[in-house]
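> dropping the sequence and predicted coords here.
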Amino acid sequence: MITNIKNGLDVSTVVQAAVSQHGATHEDLIPILLSVNEQLGYLPTEALSEISHSLRLAHSEIMAVASFYRMLSTEPRGKHVIQFCESAPCHVMGGRQVLRALQEELNLEPGQTSADGQWTLLEISCPGICGVGPVMMIDEDVYGNLVPERLSEILAKYRE
């Protein structure tokens with residue numbers, strides 16, 4: 001039995017539940033990956049191998065899909081994932097200054113996860129809400145019209 005360290009779930013059980021829920025065809029791959037990623041917090045190698053076996057797809061094909069989509073991760077992510085918009089409209093509205101302040105506040109570079117496992121900072125392309133830029137998402141929550149002075153207050157909502 002292979003257990004995910006972060007939340008103690010059995011990887012095989014999580015994969016089999018996702019396959020049972022979504023099906024075992026090539027078309028079911030993305031929903032399965034999304035489900036497993038949500039349950040385990042990322043897609044460990046063991047899960048990808050089990051999905052490959054269950055769907056009878058090459059491991060390389062599973063890995064290509066898992067590494068293509070930003071909402072999926074093959075590396076552990078923090079408890080809270082911050083996605084900061086790097087698009088031109090957000091940049092023009094002061095996004096670079098906000099991102100620098102966010103990096104200083106968290107002591108992280110984009111793509112990194114904090115040592116305590118609390119935060120992962122990602123840069124994303126336009127989420128489509130340019131009218132309220134600069135924009136970031138923390139988990140499923142969206143924050144717009146950001147200025148560096150608001151960051152501490154926003155992050156405090158997620159601190160343990």
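Now that the structure is in, tell me what you want to look at. Numbers count the residues shown, from 1 in each chain.
> and the residue positioned nearest the centre of the chain, which helix or strand is it part of?
With distances taken as C-alpha atoms, centre = their mean, residue 71 lies nearest the centre of the chain, 4.9 Å away. Assigned by DSSP states H and E, residue 71 belongs to no helix or strand.
> show me what contacts it?
Applying C-beta atoms under 8 Å, 6 or more residues apart in numbering to residue 71 gives the contacts 34, 37. All C-beta spots, glycine's among them, are computed from the backbone N, C-alpha and C.
> any figure for the gap between it and residue 10?
Residue 71 sits 23 Å away from residue 10 when distances are taken as C-beta to C-beta, to the nearest Å.
> over to residue 63?
Residue 63 is 22 Å from residue 10, by C-beta to C-beta.
> do I have it right that residue 136 meets residue 85?
Yes - assessed by C-beta atoms under 8 Å, residue 136 is found in contact with residue 85 at 6.7 Å.
> in the protein, which helix or strand is least confident?
When each helix and strand of the chain is scored by mean pLDDT, DSSP states H and E, helix 88-92 comes last, with a mean of 92.
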